[in-house]
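1. Below is the structure, and that's it, no one-letter string:
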């Protein structure tokens, strides 16, 4: 078996389906673990950079998975075809880049059955974009790893009958509804950071975030 970080374990927990496409695969650990644990039958490890893809290919070979995992060089979802997009993971990159990847390959995006994203930032914008593209957010996980907080979102195509409140887009409706303990820890840390920033800058978005976090911690 391969040892995954808490962040990648959270991503893997949302993966399901016979075909998995990992965009920005880097070392390939996620697709390797998915195949070794029987989470998926076949995987496609995609990356825009030849260097990381070469390392992924070495790791795949080392674990005897060359028949199950195919490596693809290219941007975003461009190296795959619609049938290979049963489950798609886009993790470890900026939120705006994730949105860009989904928007630039509409013929693939519309065929995704399960989408798992882990934005490094701009998470509220990702939640909004998912709704705009017809994805309903099924669940979210927040994990803490090396003093950093990571949010993993699972989404599927469904009719969007209602959107989120501003607070739900900011902090995640699933996390709020579940009263996620890590979310509360995150809120406490972010309020401390905001207090430091307030002396140096004036921002309406920062003010809203401060108000939302204070409201959360009072519940």
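-> Cool, the structure landed. Keep in mind the model is a prediction, meaning the values are calculated, not measured.
2. any weak-confidence spans in the chain?
-> 199-204 (pLDDT under 70).
3. any idea how far the longest helix seen in it is from the chain center?
-> Secondary structure of the chain per DSSP state H: the longest helix is helix 181-198. Centroid separation between helix 181-198 and its chain, computed with Cα atoms, centre = their mean, to the nearest Å, is 21 Å.
4. what comes into contact with it?
-> 142-144, 149, 171-172, 175-176, 206, 209-210, 213-214, 216-217 (Cβ atoms under 8 Å, 6 or more residues apart in numbering). Heads up, the C-betas are built off the backbone N, CA and C, glycines and all.
5. same thing but 6 Å
-> By Cβ atoms under 6 Å, 6 or more residues apart in numbering, the surrounding residues in contact with helix 181-198 are 142, 144, 149, 175, 210, 213, 216-217.
6. among the residues you listed, which ones are buried?
-> 142, 175, 210, 213, 216 (16 or more other Cβ atoms under 10 Å).
7. Residue 142 versus the fourth one, what's the distance?
-> Just to be clear, that refers to residue 213. 14 Å (Cβ to Cβ, to the nearest Å).
8. So for stretch 133-153, what gets flagged as buried?
-> 133, 135, 137, 140-143, 150-153.
9. Pull the distance from that stretch to the chain's centre.
-> Worked out by Cα atoms, centre = their mean, stretch 133-153 lies 6 Å from the chain centre.
10. Check stretch 60-70 too.
-> 24 Å.
11. what about the closest residue to residue 111 other than its chain neighbours, neighbour count?
-> Leaving aside its sequence neighbours, residue 111 sits nearest to residue 82 (Cβ to Cβ, 6 or more residues apart in numbering; 4.0 Å). Neighbour count of residue 82, defined by other Cβ atoms under 10 Å: 14.
12. Number the chain from 7, please
-> New numbering, starting at 7: the last item is residue 88.
13. Let me know the distance separating the nearest residue to residue 102 once chain neighbours are set aside from residue 10.
-> Leaving aside its sequence neighbours, residue 102 sits nearest to residue 128 (Cβ to Cβ, 6+ apart; 5.4 Å). Taken as Cβ to Cβ, the spacing of residue 128 relative to residue 10 amounts to 24 Å.
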